Each structure stands twice: as C-alpha cells, then as structure tokens.
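Novice: Sequence and predicted model, in that order:
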Amino acid sequence: MTLPAASVPARARGAWPLTVRGTGAVVLAGVSVVLAHESGIVELLYFGILLAAMPALGFFSLLLVRRTEPARRVIDPETVTVGRPSRVRVRVGLRSLLPVPPGTWRDDLGDGLDGTAAGILPAFASGLRGGTPDERAIDFVYTVTGSRRGVHELGPLAVTLTDPFGLVRRRVRFPSRTSVTVAPAIVDLTGLTDAPGESGGTLHATTDRLGQGADNLVARPYAPGDSMRRIHWRATAHRDQLMVRQEESESTPEASVVLDRGALRWSVEAQDLSGEDAAFDAAVSACISATARLVRDGYAVEVVDEEGGILAERIESGDTAEVEELRTRLALITAHRDTGLAALTRQFANASTGPVVVVTGRFDTGDAAALAPLAPHSALPLLLCTDPLGDAVEHAASAGWRVGVLGRDGDVAAAWADAARRGARHVAR
C-alpha cells in the first residue's frame, strides 16, 4: 500500500528510537519510581519497573529482525519516459523470530524522478513458521514519473519497524540502488502540410526489372535480350512497336533529422547526463518527436549529428519500434566538442533530399550563414532553435529555412507547427 508522503514518518522522525507511546511509557516509569521512593508504595515501584522493561523487550524483539536479501526493483516499462508514469515493484526480504506488526517504507528518488515512494509495510509472521524466501518476501509497488532526461537512481530503501506494543521503532536500510534511464518525451506533432511529393519530389517512381508482376506494370520498348514472354501485346498494338512489361516500384520518400551537439551552442551541463540543461533536453525531445512524426508520415528517416555522426541508421517508414529504440539511445546523449555547422552543409553539398530538420541551441548570424548553402538542397528545410540571437532567424529565413523557436519553455509542438506553417506558405507560392 502506498500513502501520501505526509502520512509516513519522515526519516522515522530522526534517530530517536522510541515512539510517542514509548517515550510516554519511559517518562511514566521514571515518575512511578520517584513517587514510589517518596511515598513508600512498593506497587508503584513494580509498575515503574514493568513500564521500563516493556520498551527494552520491544527493542530486543526488533533486534531479531534481519535482512535476508537486498532490495530488488523491477521497473515497467524498463526505460522511464519524461512525463509518463512507470510502475516500480520492490521486493525486500526480512525475517524475525517474532511476528512484526505493520511498519512503513520509503524509497529515495533521484533528482530526475517524481513520485510518492513511501507507504505501509505489511505485517509479517515469525520466521519459525518456515517457508521459502519467496514466500517470506514482501512486495510493494509505487509509481514514478521522469522529470529530467538522463540516468538517475532509486534507493536506498528504508524500512521502519515497530515492536508489537508500538513502543520502539527501528530503521532497517537496504543500501542497494537501481539506475533508471529516463528517455526524452515524444511530443505529438502536426503532420507536414505538404504531401511527400510536394516536399521535394522524393516520392517518385523508379523502374526495376522485377519480372512479370501483375501490379504496377508499365511498358517500355523491347531491348535485345528481353524474354518474349514479357511482351506487352496491348501496348505493342497501341504504340505500333514491340513493347515489354516492366514493373514499377515506388521508392520511399526520405528525410533527415539533425541534432546539433556542438558544445558552444549549449551550456556546460549539456555535456553530462544530469539533464540539467533544459534547452538541450528540449532539443533532444524535438529530435525524437520530429523523427516519429516523419516516420508516421511515410518517410524513411536518417538521424545524424552536426558532424555527420550517425545517431540512427535509416528508419523505414512506419517502423515505430526503431523509433522507440532511438528514444532509448537519446536518453544517454550529450553535447560534445564543437566543430561548427559548416560540416553539416558539406554533407548535403552534392545531393538533393527531402525534408531536413535541424535542431540546434544558441543560434547567431554566423550559424545562419553556415547553414544557408544547405537550404537549396532540401525540399523542405526546417530549423528549430532554442535560443536565437539578434536577427539570426531572419537571416536563416531569407536563406530558405522555415524556422521555429523552441524558447525557454521548450514548447516543441508550437515551434514545429510554426516552422511547418512557414513551409506550407512557401510551397503554396
């Protein structure tokens, strides 16, 4: 059972081993002994000794409790996602010669995780009754939500036990920790207004000699070596020349997503896995969200960094499983040494492609000039930046880029929609 944090004693109210009831019993025992000495009433002395003995017996009973196995945590799903809850199932092993009443438990959450990891520990019976370790194990469940991308920890776990009289408490710590990977959120983005063919002619037909298929058949003039069985008689009669069958296959439109990892355009925190650079986290979320949107829209997508380093090999249209794998890999990505954006332009210098989405951080006029030669090589160049400086956005737009600004709040959906609308107006013209 999980309770609100306020319902569970915080850190067992410090290191004091007695409960309120136990403290009262000790105070009353002391008063009884003093009154017995002053009044000569022996019964008060016996009563005081009994009251003092009860906390001692309770403390002794708790000393018999021991850990039988470390805390084990199972997280479902295994990779936590920013903004999405995950279940944590915890199993602990405790054994005691005497029955132990219900207690409380509290699991420490890393800075990048939110949730109420505290609750009531169920009572457990005497270990003298036997049973397997699994039968004696205690399970409880709580929910965590990722608040920051990166690698964070769960633990240590603390269990607070009380004696049967409720006079004494003891904290049992399970020092083991569990690393949790928090992946970026995939924001649901609007589809590109432009049809794939309008976004760069990448949805085009290519002819391959695939045999005599019944679908997508086209005819071409006969060439020496063609099988007579492939003669297309209807086309031959229509064209008045010998024609043969050839299948037409449609190629998948292609798109590229670029995540700029250059350290000069991010804060120092972007170079570690703390997730404390909110702008870089927003950029990573924009990267995976754009990839997911393009894959759903029918594109085969390649994801690279500004140096051309492969972050994800070609993800085929509709391959959502590969998108999820990329999301997990992006949980561990950081900024690295800066080589500038000019290298990115050189990658597309000798080719034309479909949509290109570049996600970057601080963006100045020098960066806009470096990216300007790339825009003509893309059917739909989109630029998402977190911190534009000066009139860098205007320079990029004049070069042909459709720009969306993520801003300090990291609103990926709004930035994407703005860039996509600019693209739609451009194509309409």
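Specialist: That came through fine.
Novice: show me where the stretch 301-429 of the chain has helices.
Specialist: Remark: helices assigned in the stretch 301-429 of the chain by DSSP state H, counting those that start in this stretch are 320-330, 342-347, 365-371, 392-398, 412-428.
Novice: Sorry, wrong one. I was asking about the stretch 51-200 of the chain.
Specialist: Along the stretch 51-200 of the chain, counting by DSSP H, counting those that start in this stretch, helices occupy 133-136.
Novice: so where's it shaky on pLDDT?
Specialist: Along the stretch 51-200 of the chain, segments meeting pLDDT under 70 span 129-131, 133, 193-200.
Novice: at 80 instead, please
Specialist: Along the stretch 51-200 of the chain, segments meeting pLDDT under 80 span 127-136, 193-200.
Novice: what are the bridge partners for E254, then?
Specialist: Taking DSSP bridges as the rule, E254 bridges to A300.
Novice: Could you identify which of the helices of the stretch 301-429 of the chain is most buried?
Specialist: Of those, the one with the most neighbours on average (mean count of other CB atoms under 10 Å) is helix 365-371, at a mean of 21. Bear in mind the C-beta positions are built from the backbone N, C-alpha and C, glycine included.
Novice: Next, format the helices of the stretch 301-429 of the chain as a markdown table and append distance to T132.
Specialist: Converted to a markdown table, the helices of the stretch 301-429 of the chain look like this (distance: least, CB to CB, whole Å):
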| stretch | distance to T132 |
| --- | --- |
| helix 320-330 | 35 |
| helix 342-347 | 60 |
| helix 365-371 | 63 |
| helix 392-398 | 66 |
| helix 412-428 | 50 |
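Novice: Mind telling me which residue is nearest the centre of this protein?
Specialist: Nearest to the geometric centre of the chain sits A183, at 1.9 Å (CA atoms, centre = their mean).
Novice: so it makes contact with R327?
Specialist: Yes. When contacts are counted by CB atoms under 8 Å, A183 is listed as touching R327 (4.8 Å).
Novice: which residues are in contact with both of these two?
Specialist: T79, T81 (CB atoms under 8 Å, 6 or more residues apart in numbering).
Novice: burial measure for the closest residue to R72 other than its chain neighbours, as a count.
Specialist: Take R72 and drop its neighbours on the chain: the residue closest to it by CB to CB, 6 or more residues apart in numbering is R91, 4.7 Å away. Per other CB atoms under 10 Å, the neighbour tally for R91 reads 15.
Novice: Distance of R91 relative to P175?
Specialist: With the distance defined as CB to CB, to the nearest Å, R91 ends up 16 Å from P175.
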